[in-house]
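Asker: sequence first, predicted coordinates after that:
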Amino acid sequence: MAHAVGTRVHGSRPRPPVSLLATDGKPHPLQETLLWVTAVLGVLAFVTAMFHHLHLISSWAGLVGILTGVYGQYISVTTRERFALIMGLGSSALGFFLGMAHGGLFGGVIGG
């Protein structure tokens, strides 16, 4: 018979619900949501930064990824969350900077 989460197994301490990022055993839904948003925007910004004509997507995704990552760092609780947020922040920043170098946030759309 399968053991339910949170039950005792062979006299050991009770197991909390498992989360990859919450090492303190407590749920952190807001922090994890910000982490995943930052990670997805970071990947999007990084990948689109490799294409010169996608600088609008790269720069905006990078900027929003940086902002969500910074706020996520401010309210993060565990070291694992902070580590993953730094990875997302780094890729967002790299995508943002390359997007700015290729034409910026409004390049070619406003001001010709």
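Answerer: Good, I have the coordinates.

Asker: which secondary structure element contains Ala84?
Answerer: Secondary structure from DSSP states H and E places Ala84 in helix 79-102.

Asker: and that helix, what other elements does it pack with?
Answerer: helix 29-48, helix 55-75 (3 or more CB pairs under 8 Å, 6 or more residues apart in numbering; DSSP states H and E). Just so you know, the C-beta spots here come from the backbone N, C-alpha and C atoms, and that holds for glycine as well.

Asker: and Gly107, helix, strand or coil?
Answerer: What DSSP: H, G, I helix; E, B strand; the rest coil gives for Gly107 is coil.

Asker: pretty sure it is touching Ile57, no?
Answerer: No - assessed by CB atoms under 8 Å, Gly107 is found out of contact with Ile57, at 12.0 Å.

Asker: anything in contact with each of the two?
Answerer: Counting by CB atoms under 8 Å, 6 or more residues apart in numbering, no residue touches both Gly107 and Ile57.

Asker: low-confidence stretches in this protein?
Answerer: Within the chain, the ranges that satisfy pLDDT under 70 run 1-22, 108-109, 111-112.

Asker: pull the number of nearby residues for Leu94.
Answerer: 16 (other CB atoms under 10 Å).

Asker: residue contacts, it?
Answerer: 45-46, 49, 62.

Asker: rerun at 7 Å
Answerer: 46, 49 (CB atoms under 7 Å, 6 or more residues apart in numbering).

Asker: please apply the same query to the one 5 residues further on.
Answerer: The contact partners of Gly99, taken as CB under 7 Å, 6+ apart, are 45, 49, 55, 58-59, 62.

Asker: quick revisit: which one of the helices and strands packed on helix 79-102 lies nearest to Ala84?
Answerer: Ala84 sits nearest to helix 29-48 of all the helices and strands packed on helix 79-102, at 5.3 Å, using CB to CB.

Asker: any idea how many residues pack against the nearest residue to Val43 once chain neighbours are set aside?
Answerer: Using CB to CB, 6 or more residues apart in numbering and skipping residues adjacent in sequence, the residue nearest Val43 is Ser91, 6.3 Å away. Neighbour count of Ser91, defined by other CB under 10 Å: 24.

Asker: repeat for His53
Answerer: Neighbour tally, His53, other CB under 10 Å: 10.
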